[in-house]
Every structure is written in C-alpha cells, then in structure tokens.
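Q: Mind folding the following:
(one chain, ligands or ions: 1)
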Amino acid sequence: MNPILISISPNTECDDVLMALKILFMPWKWRDDKYTKQLESLFVKVTGLTGYAFAVNSGRSSLYLILKALGIGNGDEVINQAFTCVAVPNSAIWNGAKPVYVDIDDTYNIDPEDLEKKITDKTKAVIVQHTFGIPAKFEEIKEIADRHGILVIEDCAHALGSIYKGKRVGSLGDISFFSFGRDKCISSVFGGMILTKDKKLAKKFGQMQNELPQPNLFWIKQQILHPIIMALVKPFYNFGLGGFTLGKLMLVLAQRLRLLSFPVYASEKYCGQPNIFPAKMPGALSLLAINQLKKLAKFVAHRKKISKIYNEKVSKKKFDLPPDNNGISFLRYPIRSNKAIEIKNKFKSKGILLGDWYNKAVVPVSDLSCTQYIKGKCPSAENYSNQIINLPTYIGLTEKDVMQIINMLNE
Ligand SMILES: Cc1ncc(COP(=O)(O)O)c(C=O)c1O
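A: Reported below is the predicted structural model:
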C-alpha cells in the first residue's frame, strides 16, 4: 500500500491531508496574511535560526527578491554552482544578471578553489548551495568572498535542520533562503522563506513583500489539492501492468485537468519567468507549512536515523558514499556508481522511485544555452551527474523499506 517513491509528496502524512481538506472548504482563509505572519514567527522559533523572516510563494521567488534587494542587475555576475536546479541561475537571469558556474567537490557543493578562479570585477554575489543538506565549506567560501568584497547568500532549499561546525545552516552568513516545495525538507507544495540578520535589508524585504501580488485563487486551489490527490494516487501507483498503472493514470489525468500544477513551469525550462513568481505566500499554504514545521524535529531525527543505516549498510566497495557527519540532515542520501542509470531503471521496474538530482549540470532545462552554462566548464559536476543516485530519507520510509533498497543496491 505504501510504495517507495522519493518524489511523490514525500513529506505528506495523514494530518497534512486532513489539514488540506479543511482548508479547501475555507476559501476565506486562502489569502489571509495573518497565517503567513504566524508562519514567519514560528519558523524562527522552531528552527532556532536568527534573523528577520519573510515568507513568499517559493524558494525561487525568495532568491529573485534577495538579488533584487541587493541591487543586482544588468552587467553584474552572480556565482552559483553547477549541479543545481534551473531555479537558481534563473533568479539571476530574471534580474538581468549573468550566472557564472563554479565546479563542485565531493560534498556536491562549491569547490572553494574553483570559486576563486571564477571571480571577476563584475561578481556581486555568490550563492552557496548546501546540496542534499550537506553543508558547503562555508568558512573557506566566506573568507574568499570577503577578500573580494562579494556578498554571500546561503541556499538552504535542501538544508533546513542541518548543522555546520556547531552552527545552524541558514545563519552562517547574513542572508539565506529556504524552500517549502513539494519534495523539500518540509512541504507546503510551494513556499519559501527569506532570512536576514541585516536590519536595513529586512526593512527592504518587508516593503517588497507588501508590494507583491497574492497568487490567484485557481493557483492556490491547485496547491491545496496536491496533498489530497497524491494521497489518493500513491496507494495505486504500482497497481496495474508494467508501466501502465492506475496511480500513474490518475496523476496524468489530474495534471491534464489542471487540478495540479507542475513544480517547474515550461517557460522556466527556457529561463523564462512565469507571472506567479514572485508572489505573496498565501495564507492557505502558510497553514500547510505551519503544520509541517511543527514536525520538523521529527523529520530531521528520521532522516538522520535512515542515513545512518545507509552509511553502515550500503556497500562502500560498490558505491561512493557521502560524508558521515551527525550534523547533516540528508534531504536525500546521495550515492554514486558508474551504473547509476541502469540501477535507477532497475528500481523503477520494481515500482521503486529513486532520485536523480542532478543528472545534468543544470536541471530541468529544455535549452541549456539560456542558462549560460557551457558544457565542459565544470567537469566534476558533469561527471557526478552521470553517476548520481538519490536514496530516500522521508518520514514514511520504514526500516523494512530501507533494507529492501540496500539489499537491492548491494546485489
Ligand atoms: C538547490 C535549490 N535551490 C533553489 C530551489 C528553488 O526552490 P523552489 O522550488 O521552492 O522555488 C531549488 C528547487 O527547486 C533547489 O533545488
């Protein structure tokens, strides 16, 4: 009844579905900012992160607004790593700036040595991604950035709950952002949070947030329906013959009927900016995020327990494993193999969906040239993208599921 699916609403539990059902029938709450204010104060309280928090309707809206608030635009360069989501370079592109790609090291994050090489006199900021929840080498990166007078922005889309050298990821620098996307650390289907310790910037974000439009009611309804429809789809995901299953049919139908929205809009794959980004975090999604935020400690403890089992039991002879560090809350547990594609397909044929973040230097894109990534410029990122397999750590995954995955991998 509970297939192993890394990307299908992985954080959603029964209480989240009930909450979504309740909200669905209370449309007067959908755009009530009161709940968004509650989310912002709860976020700081629950995470223990310091700073002023501003919720918006996605991580990409957060990053777009951060760059705008910093005055980054035409003629400026923004550094981000290769092995990333197109939402990251798009935020620079949408502001008229140029994304510049740095290669990664074996933490799947910025390689400080390559960072130093990519800085020019046009570089205004560096986006430090903590991929899969693994903290980047922040001290080294910050030292380089400070020496060149470059601003540092932490991308904590994967890393809510991770610890770096005793400090919470997200408060390492002056400014950071988080994602509450459908497959992130906590989920309200879409959602994001900007966090800053800088009072002046906070004032600016407050003004920007006030001026944002509310998403339209149709969009909000699509997001509220997401956990409900996924709860109906999941039990039937593998019910059928071969590739044709009832669950997949239900999913396609729901998308065709526009009951659901896609996580990345078609225009974004060509670096376009959909109207919906940036927008206010609607009250309805804030309520979903609050319900999830209250469970953050439980989610983090579970992710740590599962990744410990992977670390102990996945064959180190057959796979490259990530660093073993108790501070890491792995959103997904990355392993590498030269047979990655074959392995992911084998699992798929058994009804188990593993992840492929990131199976290219920038994903998902229909036109790589718009991202301004040049093939061959970040060889480690390209190499790892051919070998990557993401293992699930989400709350519904049982130890029996984990052992099934491990046994299949080691075979
Ligand atoms: C590393 C990274 N940064 C930023 C984002 C953007 O977050 P969101 O999907 O909430 O816009 C994503 C996700 O898609 C991501 O993977």
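Q: Can you give me the pLDDT of the residue nearest the centre of the chain?
A: Centroid check for the chain by C-alpha atoms, centre = their mean gives Ala157 as the closest residue, at 4.0 Å. Each residue has a pLDDT score; the one for Ala157 is 98.
Q: Residues contacting the helix or strand where Pro334 lies, please?
A: Secondary structure assignment for Pro334, by DSSP states H and E: strand 332-336. The set of residues external to strand 332-336 that reach it, using C-beta atoms under 8 Å, 6 or more residues apart in numbering, is 6, 108, 131-133, 158, 306-307, 310, 314, 319-322, 355, 357, 384, 387-393, 409. For the C-beta atoms, the positions are set from N, CA and C on the backbone; glycine is no exception.
Q: can you rerun that using 7 Å?
A: Residues external to strand 332-336 that are found in contact with it (C-beta atoms under 7 Å, 6 or more residues apart in numbering): 6, 108, 132, 307, 310, 314, 319-322, 355, 357, 384, 387-393.
Q: hey, C-alpha coordinates of that strand in PDB?
A: As requested, C-alpha coordinates have been extracted for strand 332-336 and formatted as PDB (Å, rounded to 0.1, in the frame of the first residue of the first chain):
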ATOM      1  CA  ARG A 332      18.100  12.800   0.000                       C
ATOM      2  CA  TYR A 333      21.100  10.400   0.600                       C
ATOM      3  CA  PRO A 334      23.400  10.700  -2.400                       C
ATOM      4  CA  ILE A 335      25.500   7.700  -3.600                       C
ATOM      5  CA  ARG A 336      27.500   7.400  -6.800                       C
END
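Q: immediately after that strand, which helix or strand?
A: Per DSSP H and E, the helix or strand that comes after strand 332-336 is helix 340-349.
Q: next one: that next one to chain centre, how far?
A: Here helix 340-349 is found 23 Å from its chain centre; the criterion is C-alpha atoms, centre = their mean, to the nearest Å.
Q: hey, where'd the helices end up in the stretch 101-250 of the chain?
A: In the stretch 101-250 of the chain, the segments counted as helices under DSSP state H, counting those that start in this stretch are 112-118, 138-148, 199-211, 217-233, 246-256.
Q: What is the first one packed up against?
A: Helix 112-118 is packed against strand 98-102, helix 138-148, with contacts defined by 3 or more C-beta pairs under 7 Å, 6 or more residues apart in numbering; DSSP states H and E.
Q: list the contacts for whichever residue of the stretch 51-200 of the chain sits closest to the ligand?
A: Across the stretch 51-200 of the chain, the shortest distance to the ligand (C-beta to the nearest ligand atom) belongs to Gly59, at 2.5 Å. Gly59 makes contact with 87, 157, 177-179, 181, 192 under the criterion C-beta under 7 Å, 6+ apart.
Q: what about Arg256, neighbour count?
A: Taking other C-beta atoms under 10 Å as the criterion, the count of residues near Arg256 is 9.
Q: Check what pLDDT it gets.
A: Looking at Arg256 specifically, the model assigns a pLDDT of 95.
Q: Pull up the gap between it and the ligand, please.
A: As for Arg256, its distance to the ligand is 22 Å (criterion: C-beta to the nearest ligand atom, to the nearest Å).
Q: Could you shift the numbering so residue one becomes 25, and keep it that way?
A: Sure, I'll start numbering at 25, so the last one becomes Arg280.
Q: got the residues of the stretch 75-224 of the chain near the ligand?
A: Those residues of the stretch 75-224 of the chain that sit near the ligand, judged by C-beta under 6 Å from any ligand atom, are 82-84, 108-109, 111-112, 153, 179, 181-182, 203, 205, 216.
Q: Can you list the strands that the one helix or strand in the chain whose mean pLDDT sits lowest pairs with?
A: Ranked by mean pLDDT, DSSP states H and E, the helix or strand of the chain with the weakest confidence is strand 264-265, at a mean of 88. Under the criterion DSSP bridges, strand 264-265 sits next to strand 268-269 (antiparallel) in its sheet.
Q: Can you name the residues of the stretch 275-424 of the chain that neighbour the ligand?
A: Counting by C-beta under 6 Å from any ligand atom, the stretch 275-424 of the chain has no residue next to the ligand.
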